[in-house]
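J.: Turn this into a model:
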Amino acid sequence: MSDLSVILPRRGLSRAEYVLTVAAVAILSALAVGLVIWSAWFGNITALVLRSVFFSLTVSAGLIIVATDRTALWWRLCLYALALAVLIPGPFLWTNYMDIIRSGGIADRTDVVLFVVSVVAALIVSRYLIGWVMVGLGVLALAYAFFGSHIPGTYGHAGYSLGRVTSNLFLRTEGLFGLPMGVAAQYILLFSFLGTLLLKTGLGQVFVDLAHALTGRVQGGPALTAVISSTMFSSINGSAVAGVVTTGTFTIPLMKRTGYRPKVAGAIEAAASSAGQIMPPVMGAAAFLMAELTQTPYATIAAAALIPALLYVFALLVAVREEAGKYDLKRSVGADVPQLREVLFKRGHLLIPLIALIVFLAVGYTPSAAAVLCIVATLLVSLLTKGTRIGPVDFVKVMMETVRNVLPVIAAVAIAGMLIGVMTLTGMALKLSALILDMGAGSLFLTLILTMVASFVLGMGMPTSAAYLLLAVLVAPALEQFGLPIISAHMFIFYYGLLSAITPPVALAAYAGASIAGASPNETAIESIRLGFVKLVAPFLFVYAPELLLIGTPMGIALATVAAFAGTFAAGTALTGWMMVPLRAAHRAGFAVVAILSTVSLVFPVGGGPSLVALAAALALLTAIVIQLWSIHENRPADLAS
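T.: A predicted model of the protein is given here:
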């Protein structure tokens, strides 16, 4: 079992204990994945039953994984005992489901005990896999439910007993087993399993090789490779940090060899891996959460996210190419660059399941059914060559790795579900929205600023789905009361909730890139912000110009898209200071003016007179600057041009 040490480290456990824990995690993982696939295809499991059994299986596995990392025997034994205890709530609710309905969901002593066990288990898994932030939120929510009667004024309430809280948070689909847990059971684990399975076949390396074959011989090719491959990898994986540590081990050294400064190489990889979280169709599973919470078709959410995501990737491509030109970096040559034909011939078949997923979604299959079909396609395609085949043991490993990877999200959605349940029970959700609106003093812009700050703070260090879920409950209702399209409000908080991946003081993706590049963590994070500036400004743009989310007329969408891409190109070029030739101060100022005019055209109603004038001026100035720079480039002496 030594090859399982990456999934479940032994860390000084006796062989007997290690074998038992591995077997337990394998069985629980297989049951959880099997349950999810069965539900996704047949769909005949009641929501409370599905979510509670899913919770019991995954959290029990999580407690065992946490226990194997502890050195104190007494603490490991306590965690093992709790892992056994938390296996009871799901089957209990399954077998007593009709009795719960007949009783009106009124909790008895057994229900209270099982609720306490479930809460303690969720808090412990959150503590070790996420940190104290979610634990603090969970404890604070429960304390508010029990002791809110001691709070005077608007934010107090009558107070609720443990039995009443148990009824709401345990016996109904409004707390622990609410919508967040439902999305985890229906989508998050399923698509994480699909992504892990695809990567097990070698698809991640195919992404890298394809991108390198397409861009390797261009100046700045390794950085372009990093942007394309990391975006594709992270769009499946859903984790910016995982993208950095996976593709970055190849792309960052390659970028450094061709002349990129270490901090820039690490920042490029971090910013590129962050693109996967906002890139359809998966978006770190947040697309499915957003569809459920906003009651909007999944296809609409995925389509709405496309233009802002492409803007972000476009800005990265422009920045890394101009960075290469500015410092006259080398090109990759010879054996360093694979042949596109060779990559497609040898391993191009591994792309078939991914293409099939998009086709299944396009022809009308539900996301969960499409994922099941894609899993089958992946297993069939893997049989085509010996190096990609997935045997029974590998299949079990994939299930174990999937459960391990999604445990932080499952723990987070459990606590987020409790938070939602308490806020619904006490009416606090409406009070928080009123507080934000009061502080915004009726100004949309000021409310957006406050929401941006709250989203950034609450999203620090959180998994993609958990960050969005928390913000959707606490913050989004305030924006919706301004009459914004619901997708605009939710996309706004989603973007700022993810910003901490490349922004200090957390900047996990940037710091991971810095460690591989051998660069200063904070300097790498600053470079990541420069490269990923679109994440900072795009949310304001698509609030004022919802056409960027495909909300509006075809002409308005086209005009907004042109303005956004022109402004993004101009802003990125002004920040880099190079386009064909080094830019003078006047050129950089000109590009900055283009970016400002493009932004103005989006702030005014798109298609209106002021918007059209601003856009026309931006495009005219951009054209004039590019023509002048082309003329300077063409008239340079031959030795400088080379």
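
J.: hey, let's count contacts and neighbours off CA atoms from now on
T.: Noted.

J.: Tell me how far Val320 lies from Ser230.
T.: Per Cα to Cα, to the nearest Å, Val320 is found 14 Å from Ser230.

J.: my bad, Pro9
T.: Where Ser230 is concerned, Pro9 sits at a distance of 27 Å (Cα to Cα).

J.: Compare these two and say which is more crowded by neighbours.
T.: Set Pro9 next to Ser230 and count neighbours by other Cα atoms under 10 Å: Ser230 wins out with 34 against 16.

J.: tell me the pLDDT at the more buried one?
T.: Looking at Ser230, its pLDDT reads 78.

J.: pretty sure Ala40 contacts Val372?
T.: Yes: in this structure Ala40 lies within contact range of Val372 using Cα atoms under 8 Å: 7.2 Å.

J.: backbone phi and psi for Trp578, please?
T.: Main-chain dihedrals, Trp578, degrees, to the nearest 10: phi -150, psi 140.

J.: Help me confirm that Phe177 is found in a helix?
T.: No: assignment of Phe177 by DSSP: H, G, I helix; E, B strand; the rest coil gives coil, placing it outside any helix.

J.: what's the pLDDT at it?
T.: Phe177 carries a pLDDT score of 90 in this model.

J.: How about the contacts made by it?
T.: 48, 51-52, 55, 169-170, 414, 417 (Cα atoms under 8 Å, 6 or more residues apart in numbering).

J.: Show me how far stretch 262-274 is from its chain's centre.
T.: Computed by Cα atoms, centre = their mean, to the nearest Å, the chain-centroid distance of stretch 262-274 equals 17 Å.

J.: Hmm, I typed the wrong one, I wanted stretch 553-572.
T.: Remark: stretch 553-572 is offset 25 Å from the chain centroid, using Cα atoms, centre = their mean.

J.: What residues of stretch 469-485 count as buried?
T.: Within stretch 469-485, the residues scored as buried using 16 or more other Cα atoms under 10 Å are 469-480, 484.

J.: if we can go back for a sec, of the contacts of Phe177, the lowest pLDDT goes to which?
T.: Ranked by pLDDT, these bottom out at Gly417, which scores 86.

J.: pretty sure it is in contact with Met181, am I right?
T.: Yes: using Cα under 8 Å, Gly417 is in contact with Met181, at 7.1 Å.

J.: Which one's more surrounded, these two?
T.: Neighbour tally, Gly417 and Met181, criterion other Cα under 10 Å: the higher count belongs to Met181, 31 against 27.

J.: Going along the chain, name the helices of the stretch 501-642 of the chain.
T.: 508-517, 521-531, 534-544, 554-576, 585-603, 609-634, 638-641 (DSSP state H, counting those that start in this stretch).

J.: What lies in contact with the third one?
T.: By Cα under 8 Å, 6+ apart, the list of residues contacting helix 534-544 from outside reads 308, 311-312, 315, 448, 484, 488-489, 491-492, 495-496, 499, 548-549, 568, 599, 602-605.

J.: Mind checking which of the contacts of Phe177 land in helices?
T.: Among the contacts of Phe177, the members falling in helices (DSSP state H) are 48, 51-52, 55, 169-170, 414, 417.

J.: Turn these into JSON lines, columns for distance to Ile632.
T.: Below are the ones in helices among the contacts of Phe177 laid out as JSON lines (distance: Cα to Cα, whole Å):
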{"residue": "Leu48", "distance to Ile632": "68"}
{"residue": "Arg51", "distance to Ile632": "64"}
{"residue": "Ser52", "distance to Ile632": "67"}
{"residue": "Phe55", "distance to Ile632": "64"}
{"residue": "Leu169", "distance to Ile632": "68"}
{"residue": "Phe170", "distance to Ile632": "70"}
{"residue": "Ala414", "distance to Ile632": "60"}
{"residue": "Gly417", "distance to Ile632": "60"}
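
J.: need the helices of the stretch 501-642 of the chain in TSV with distance to Ala271, can you?
T.: TSV is the format used below for those (distance: least, Cα to Cα, whole Å):
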stretch	distance to Ala271
helix 508-517	8
helix 521-531	6
helix 534-544	10
helix 554-576	14
helix 585-603	21
helix 609-634	26
helix 638-641	31
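
J.: most tightly surrounded among these?
T.: Stretch with highest mean neighbour count among the helices of the stretch 501-642 of the chain: helix 508-517 (a mean of 27; mean count of other Cα atoms under 10 Å).

J.: mean confidence score for that one?
T.: Mean pLDDT, computed over helix 508-517, is 83.

J.: helices and strands around it, which ones?
T.: helix 240-257, helix 262-275, helix 521-531 (3 or more Cα pairs under 8 Å, 6 or more residues apart in numbering; DSSP states H and E).

J.: just so I know, which of these lies nearest Val36?
T.: Proximity to Val36 (Cα to Cα) singles out helix 240-257 among those, at 23.6 Å.

J.: quick one: buried residues of the closest one?
T.: Buried residues in helix 240-257 (16+ other Cα under 10 Å): 240-248, 250-257.

J.: quick one: the nearest residue to Thr154 once chain neighbours are set aside and His157, what's the gap?
T.: Leaving aside its chain neighbours, Thr154 sits nearest to Lys431 (7.9 Å; criterion: Cα to Cα, 6 or more residues apart in numbering). From Lys431 across to His157, the span is 12 Å (Cα to Cα).

J.: With neighbour numbers in mind, choose between the two.
T.: Taking neighbours as other Cα under 10 Å, Lys431 and His157 compare with His157 leading, 20 against 16.

J.: Would you mind confirming that that one makes contact with Val422?
T.: No: checked against Cα under 8 Å, the pair His157 and Val422 is beyond contact range at 11.5 Å.

J.: List the contacts of Thr561.
T.: Thr561 neighbours (Cα under 8 Å, 6+ apart): 307, 547-548.

J.: buried set for the helix or strand harbouring Glu323?
T.: For Glu323, the host element (DSSP states H and E) is helix 298-326. Under the neighbour-count criterion of 16+ other Cα under 10 Å, helix 298-326 has 298-299, 301-302, 304-326 buried.

J.: Repeat that for stretch 360-374.
T.: Neighbour counts using 16+ other Cα under 10 Å place 360-361, 367-374 of stretch 360-374 among the buried residues.

J.: how far is that stretch from where the chain is centred?
T.: Centre-to-centre, stretch 360-374 and its host chain are 20 Å apart (Cα atoms, centre = their mean).

J.: Flag the shaky bits of the stretch 501-642 of the chain, pLDDT-wise.
T.: Applying pLDDT under 70 to the stretch 501-642 of the chain picks out residues 505-506, 636-642.

J.: let's see it at 80
T.: Along the stretch 501-642 of the chain, the model assigns pLDDT under 80 to residues 501-508, 633-642.

J.: Could you do the stretch 201-350 of the chain as well?
T.: For the stretch 201-350 of the chain, the stretches flagged by pLDDT under 80 are 203-226, 228-230, 232-243, 245-251, 254, 257-259, 276-277, 281-289, 324-325, 327-348.

J.: now Asp278, nearest residue through space, not along the chain?
T.: Residue 278: Ile, not Asp. Ala309 (5.8 Å).

J.: dump the residue contacts of that neighbour.
T.: Contacts of Ala309 by Cα under 8 Å, 6+ apart are 275, 278-280.

J.: Show me which of the residues you listed is closest to Val139.
T.: Checking the contacts of Ala309 against Val139 with Cα to Cα, the nearest one is Ile278 at 30.7 Å.

J.: Who are the contact partners of that closest one?
T.: Per Cα under 8 Å, 6+ apart, neighbours of Ile278: 235, 284, 305, 309, 495.

J.: Quick check: it is in a strand.
T.: No: counting by three-state DSSP, Ile278 falls outside a strand, being coil.

J.: sorry, back to before: now, the buried residues of stretch 469-485 that are in helices?
T.: Those of the buried residues of stretch 469-485 mapping onto helices are 469-474, 476-480, per DSSP H.

J.: buried stuff in stretch 373-387?
T.: Neighbour counts over stretch 373-387 (16+ other Cα under 10 Å) mark 373-375, 377-379, 381-382 as buried.

J.: Which of those residues fall within helices?
T.: Going by DSSP H, the helices hold 373-375, 377-379, 381-382 from the buried residues of stretch 373-387.
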